[in-house]
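Peer 1: The following comprises the amino acid sequence and a computationally predicted model.
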Amino acid sequence: MQDYTVMLFLRQRWNDPRFVYQDYNDSITLYEKVLDKIWVPDIYFVNEKGAPFESTSGHSTLLRIHPNGDVLYSAKKTILLACPMNFQLFPMDNQVCKIKMESYGHTTKDIEIWWSREDAVLISEEIQMPDYDLVTWKINNNCDSHHTTGTYSCIEAKLFLIRHIGYYLIQHYIPSILIVVLSWLSFWISPEIAPARVALGITTVLTSTTLTAVSRSAMPRFSYVRAIDVWMMTCGLFIFFALVEFAVVHFIFKRDKKFAISRKAREMSKRLPRKKKAIDKKDVASEDEVDFKPDKGMSSPEPDQDMVGAEEKTHRTPAEIKALYMRRARRIDYYSRLIFPLLFTVFNILYWSVYLSMYH
């Protein structure tokens, strides 16, 4: 439940036969000092959230009596009203705020309230709000409230607001797009330069996280996901997967060293003698030779067939294996340069087409 402050001039008209006079043809204007002695309707704002603000001028009410008994009561009020808002489409959301008034102590048997005409609500054209545009407004005479004490007459005015999106484009959407594009620069950096790619990836991830936190800091806590949350989370995922892509590329790029170690281990195991004859028969009276056999728990470092791969089977040189994995790593970078922008473009088309269709 959000709130907003409104300054308005509340003008009420009714007829009181007790005020009919004929000796004077003009109207009589009364001010605050004598208003306590005259009956006025007990109108209050149903969705009022805060106490009325005091007028700075000191004069905020008047009452004018006409010869036929018609009474005009005008009061200047500055009030804090509650407005239930839904921010699921934020910052492309539309809100409807109400100004609802009804009698406090008189039921419909005593007082009937209605708007005097269709254009009874007048709004100054000079009013400008930083976050919203007031698109239109409507009035309603049929909103009587039913309570245990009776039915009370009610009127309301609905204000239709649409949010300005320009601020959020500049402060959130455009910077997040630039951060995502910046994370793609790592695809053009050689996998050999690991510090540069790691620094770029971590920086973009942290910047995206900070931008997401800033977008939520100015809003109350909600249990639902907003439109800007979908955008920020998706941008964060693109940046995160760009960092994961580098981890995969770096692993493949350095994989040849792993196979080089396994090749050296196998060559060393082949050079070890299978049998060693005893030198001194006196020391080995019962044995002619000593067998060097690997224990079951201490097997020789035979290379795993899955790790060796096709390169070991074809007896490629270490230089050829290194060049092969370097090509594979660079091929992943090449495809990433195409896939990441393509997916991000598709996401933009879907995102803006869905949410802009509801932004009216």
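Peer 2: The structure has been received and is ready for your questions. Numbering: from 1, shown residues only.

Peer 1: Just list the residues touching residue 90, thanks.
Peer 2: For residue 90, the contacting residues are 163, 219, 226, 227, 228, by Cβ atoms under 8 Å, 6 or more residues apart in numbering. From N, CA and C alone the C-beta is placed, and that goes for glycine too.

Peer 1: Among those residues, which one has the most neighbours?
Peer 2: residue 228 (22 neighbours; other Cβ atoms under 10 Å).

Peer 1: Regarding it, which helix or strand does it belong to?
Peer 2: With elements delineated by DSSP states H and E, residue 228 resides in helix 227-253, which encompasses its position.

Peer 1: mean confidence for that helix?
Peer 2: Helix 227-253 comes out with an average pLDDT of 92.

Peer 1: gap between it and the chain center?
Peer 2: Shown here is helix 227-253, whose average C-alpha point lies 19 Å from the average C-alpha point of the whole chain (Cα atoms, centre = their mean, to the nearest Å).

Peer 1: picking that back up, would JSON lines of the contacts of residue 90 with distance to residue 344 be doable?
Peer 2: As requested, the contacts of residue 90 are exported to JSON lines (distance: Cβ to Cβ, whole Å):
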{"residue": "163", "distance to residue 344": "25"}
{"residue": "219", "distance to residue 344": "25"}
{"residue": "226", "distance to residue 344": "20"}
{"residue": "227", "distance to residue 344": "17"}
{"residue": "228", "distance to residue 344": "17"}
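
Peer 1: For the closest residue to residue 230 other than its chain neighbours, I want the exact helix or strand it lies within.
Peer 2: On the basis of Cβ to Cβ, 6 or more residues apart in numbering, the spatially nearest residue to residue 230 that is not a chain neighbour turns out to be residue 351, at 7.1 Å. Under the criterion DSSP H and E, the helix or strand holding residue 351 is helix 318-357.

Peer 1: Could you chop the chain up by domain?
Peer 2: Structurally, the chain divides into domains by automatic domain parsing as follows: 2-164, 167-254+330-357.

Peer 1: Please identify the most buried of these.
Peer 2: For the domains of the chain, ranked by mean neighbour count under the definition mean count of other Cβ atoms under 10 Å, the leader is domain 167-254+330-357 at a mean of 15.

Peer 1: picking that back up, and the residue nearest to residue 230, how far is that from residue 170?
Peer 2: Distance of residue 351 to residue 170, given as Cβ to Cβ, to the nearest Å: 18 Å.

Peer 1: Nearest the geometric middle of this protein, what residue?
Peer 2: With distances taken as Cα atoms, centre = their mean, the residue of the chain nearest its centroid is residue 229 (2.7 Å).
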